[in-house]
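A.B. asks: okay, sequence plus prediction incoming.
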Amino acid sequence: MSETFTIFPEHHDVLISVAAQLMNGSEVIVDDQRILISRVGSGRLRSVRFMMNGRAIIAIEQNRNKPSRWAQLATKGHQVVQFQDLASKKYLAVVVDGEVFEFGKR
């Protein structure tokens, strides 16, 4: 079983940067590494895989056709990007218009 990935405050700037680049360009730069953005799924959503704190993370543009509050925000024109830990398949956070919301934190 893989251990849970913890998002520290210093990761927020990375998540915000990746989200902005994902929604506004053709590549993402993380730690001086250029990563091309790909399109996934039937909705051709933007997606990019990168390493953060030694873990593989995927950033995925929010699917507007899902029945979630995040999809409703995306439908209204907000930039919404989900972040998932590839090892555990757990969603870690979402960035909405440059603001980070972590999952599992109360």
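C.D. replies: All right, it came through fine. Residues are numbered from 1 along each chain as shown.

A.B. asks: now the element after the longest helix seen in the chain, going C-ward?
C.D. replies: Scanning the chain for the longest helix, with DSSP state H as the assignment, gives helix 9-24. Note on helix 9-24: by DSSP states H and E, the next helix or strand toward the C-terminus is strand 27-30.

A.B. asks: and that following strand, what's buried?
C.D. replies: Buried positions in strand 27-30, judged by neighbour count with 16 or more other CB atoms under 10 Å: Val28, Val30. All C-beta spots, glycine's among them, are computed from the backbone N, C-alpha and C.

A.B. asks: and it, C-alpha only, in PDB?
C.D. replies: What follows is strand 27-30 as a C-alpha-only set of coordinates in PDB (Å, rounded to 0.1, in the frame of the first residue of the first chain):
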ATOM      1  CA  GLU A  27       3.600  23.100 -22.000                       C
ATOM      2  CA  VAL A  28       4.200  23.300 -18.300                       C
ATOM      3  CA  ILE A  29       7.600  24.100 -16.700                       C
ATOM      4  CA  VAL A  30       8.300  22.600 -13.300                       C
END
